[in-house]
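Peer 1: everything below, folded, please.
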Amino acid sequence: MPIVTVKMLEGRTEEQKRNLCEKVSEVVAETTGAPIENVSVIIEEMSRNHYATGGKRLSDKD
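Peer 2: Numbers count the residues shown, from 1 in each chain. Model prediction:
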């Protein structure tokens, strides 16, 4: 039972997230041989003030 966690900044539409889950599930099933119904995808969305690079939060770079 493969479990994939996708961490990304918030702001994607429901359709984009739905398509992401479908495509990730298809690729994982294809490459691992697991039945697609056994593939789980977890999306963890973060706000721009919860993500930093180079010591600066993305919300501070705007």
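
Peer 1: please make it C-alpha for all contacts and neighbour counts, starting now.
Peer 2: Fine.

Peer 1: which parts of the host helix or strand of residue 22 are buried?
Peer 2: Assigned by DSSP states H and E, residue 22 belongs to helix 14-32. By 16 or more other C-alpha atoms under 10 Å, the buried positions in helix 14-32 come out as 21, 24, 25, 26, 28, 29.

Peer 1: now do the SS call for the nearest residue to residue 24 once chain neighbours are set aside.
Peer 2: Sequence neighbours aside, residue 41 is the residue nearest to residue 24 in space, at 7.6 Å (criterion: C-alpha to C-alpha, 6 or more residues apart in numbering). What DSSP: H, G, I helix; E, B strand; the rest coil gives for residue 41 is strand.

Peer 1: please apply the same query to residue 8.
Peer 2: Strictly by three-state DSSP, residue 8 counts as strand.

Peer 1: do you know how far the residue nearest to it when sequence neighbours are not counted is from residue 5?
Peer 2: Leaving out its chain neighbours, the residue that sits closest to residue 8 by C-alpha to C-alpha, 6+ apart is residue 45, at 5.2 Å. Going from residue 45 to residue 5 by C-alpha to C-alpha, to the nearest Å gives 10 Å.

Peer 1: which one's more surrounded, these two?
Peer 2: residue 45 (14 against 10; other C-alpha atoms under 10 Å).
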